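Q: Quick check, what structure comes out for this input:
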Amino acid sequence: MTDRIVVGTLGGAFGIAGEVRLKSFCADPEAIGDYAPLTTEDGKTFPMLVLTGRLKGGFTARVQGINTKEEADDLRNVSLYAERTNLPNLPDDEYYYTDLEGLDVIDTGSQKLGTVKTVVNHGAGDLLEIQPVGHSETVYLPFTQANVPTVDLATGRIIADPPEGVFPSA
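A: Numbering: from 1, shown residues only. Reported below is the predicted structural model:
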């Protein structure tokens, strides 16, 4: 498990006074500022983030240390990370996406199907993007109780019962 979790993405400037566009990945999107300080991949730290408005699919925000449109534009497509210790503890049946990435996917007969490449959500529910063993194309498995009855972070594996045809034939 990683010490940092992606909690949002900056989308560049909103206006001319240093405000930014922000997409929050938090269960409560408006709580993103509660997890400060937030950092970028390259280690830049933002001690405080305050939401200033709503946009379709996100927010506008003031980020401490960003004061001009140019500084805000330089943050376009920059991910924001929070320390795991600043985030709430999750119930047993919920997971941070980053904790699932890299896990082996095993079928109910103990045969390895592949490895989780990433987790995505396009609005209709979480999907595990899995790299099947011996194939170059990834497959998507809906992350539901029926398809994924067991997630075992301690052993680094997921037990899956995928619908027929999701995984390519050997």
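
Q: switch to C-alpha atoms for all contacts and neighbour counts from now on
A: Will do.

Q: residue closest to the middle of this structure?
A: For the chain, the residue sitting closest to the mean C-alpha position, by Cα atoms, centre = their mean, is residue 97 at 5.0 Å.

Q: what does the helix or strand encompassing residue 113 rub up against?
A: Using DSSP states H and E, the element containing residue 113 is strand 112-121. For strand 112-121, the external contacting residues (Cα atoms under 8 Å, 6 or more residues apart in numbering) are 97-98, 100-107, 126-133, 167.

Q: repeat for stretch 15-22
A: By Cα under 8 Å, 6+ apart, stretch 15-22 touches 8-14, 58-63, 66-73.

Q: Would you mark the buried spots in that stretch?
A: Neighbour-count burial for stretch 15-22 flags 18-22 (criterion: 16 or more other Cα atoms under 10 Å).

Q: could you dump the residues you listed to a markdown table with secondary structure, distance to residue 116 and pLDDT?
A: Listed next are the buried residues of stretch 15-22 as a markdown table, based on DSSP: H, G, I helix; E, B strand; the rest coil; distance: Cα to Cα, whole Å; pLDDT from 0 to 100:
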| residue | secondary structure | distance to residue 116 | pLDDT |
| --- | --- | --- | --- |
| 18 | coil | 38 | 92 |
| 19 | coil | 36 | 96 |
| 20 | strand | 32 | 97 |
| 21 | strand | 30 | 97 |
| 22 | strand | 27 | 97 |
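
Q: so who does residue 78 touch?
A: Listed by Cα under 8 Å, 6+ apart, the contact set of residue 78 reads 9-11, 40-41.

Q: which one of the buried residues of stretch 15-22 is nearest residue 158?
A: Nearest to residue 158 among those, counting by Cα to Cα, is residue 22 at 32.2 Å.

Q: Quickly list what that closest one is bridged to.
A: In this entry, residue 22 is beta-bridged to residue 10, residue 59, by DSSP bridges.

Q: picking up where we left off before, on the pLDDT front, check the residue nearest to the centre of the chain for me.
A: Looking at residue 97, its pLDDT is 89.

Q: Could you do residue 170 as well?
A: Looking at residue 170, its pLDDT reads 58.
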